[in-house]
Structures are given as structure tokens and as C-alpha cells.
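A.B. asks: the following comprises the amino acid sequence and a computationally predicted model.
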Amino acid sequence: MSLKKQQILLAEAKKNEEAMSKTVADLKEERDSLLKQLAKSGNPQQAVRRYRKILQQYRRGKNLHAAYKAISVDRNTVVANAPIAELAIVAPQEYSKLLEGYSRQEKLQVFAKKCMDAQLLTTVEMYKKKNKLLPLMKRK
């Protein structure tokens, strides 16, 4: 009888080990995915490139959600970095001036804030209406 109990306990332990191994593998996969996403986000030129790819998908008739998915980027990332790309498209000279002062140690969000401060809001809105920019708005 005790041998039977030990066999049952051993079988349960093996099941738990398999479940834990699967959980660990899933977590490692998620970590790697997040690291890749983080690597895609580092500098302003990549943010502009990513924005333009999404804009291209959007112009082809995809909705924003499908465009984000096609480029494998989160909506919040795009919205947070949109001022960089919008300034680069609307006022390339102004963007170039700001880009000269950018360093790798500076967070991208700080650079996005500088771009937002420098933006010509009426011009950006006009570009959005003409479908030259993504119709993004920050959620409240």
C-alpha cells in the first residue's frame, strides 16, 4: 500500500514538474519577446521608421490595430513616440536640430516630450486630416 502511494505521489510530482517546465518556457519566451520589443524602441530614427511602416499599412486600408499587429508593436509605444515621427514628417529641419542634441543616455520619452513641445500643432492636425499622419490621440 505504501508503494502504491509513493507511485501516485511520484506521478503527481512528474505532472507538476512538466507544468512548471512549461510555465518556465512560456515566461522565457515572453521575456525574449519583450527584450526584442525594447531593442526596437532605443532611438528616434527607429521610432520614425516604425511610425512610417504603420502609416504605410494604414494607408493600404488596414485599421490601426491591424497595422500595429503587422509591425509587431504595441499601440501605447506608437502613441508615446508619435510626436517624434510627427515632427520628423511635418518639420524635418526642426527635427534635425533636436536630433543633434539627442544622446543614447537620454530616454526616448524625454526626446518625445521635446518634440511635442516643438511641434506645430495646427500643421500636425492638418496633416492628420489629409491622412498624411496617423489619427492618434492619447487616451485619458
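C.D. replies: Looks like it arrived, so ask away.
A.B. asks: show me this protein divided up by domain.
C.D. replies: Listed by automatic domain parsing, the domain ranges of the chain are 1-41, 44-140.
A.B. asks: element containing residue 18?
C.D. replies: helix 2-41 (DSSP states H and E).
A.B. asks: output the contacting helices and strands for that helix.
C.D. replies: With contacts taken as 3 or more CB pairs under 8 Å, 6 or more residues apart in numbering; DSSP states H and E, helix 2-41 sits against helix 44-59, helix 75-90. Yep, even glycine has a C-beta here, placed from its N, CA and C like the rest.
A.B. asks: that one - what's its average pLDDT?
C.D. replies: Here helix 2-41 scores 88 as its mean pLDDT.
A.B. asks: now the angle between helix 44-59 and that helix, please.
C.D. replies: Between the axes of helix 2-41 and helix 44-59, defined by axes from the mean of the first three to the mean of the last three CA atoms, to 10 degrees, the angle is 100 degrees.
A.B. asks: comparing the domains of the chain, which comes out most buried?
C.D. replies: A comparison of these by mean neighbour count, using mean count of other CB atoms under 10 Å, puts domain 44-140 on top with a mean of 15.
A.B. asks: residue 127 - nearest residue in space that isn't next to it in sequence?
C.D. replies: residue 133 (4.4 Å; CB to CB, 6 or more residues apart in numbering).
A.B. asks: repeat for residue 65
C.D. replies: Nearest residue to residue 65, sequence neighbours excluded (CB to CB, 6+ apart): residue 75, at 7.6 Å.
A.B. asks: residues contacting that neighbour?
C.D. replies: With contacts taken as CB atoms under 8 Å, 6 or more residues apart in numbering, residue 75 has the following neighbours: 64-65, 68.
A.B. asks: ditto for residue 59
C.D. replies: Residue 59 neighbours (CB under 8 Å, 6+ apart): residue 131.
A.B. asks: please repeat the previous calculation with a cut-off of 10 Å.
C.D. replies: Going by CB atoms under 10 Å, 6 or more residues apart in numbering, residue 59 touches 67, 131-132, 134.
A.B. asks: pick out whichever of those residues sits closest to residue 95.
C.D. replies: Distance to residue 95 across those (CB to CB) is lowest for residue 132, with 15.2 Å.
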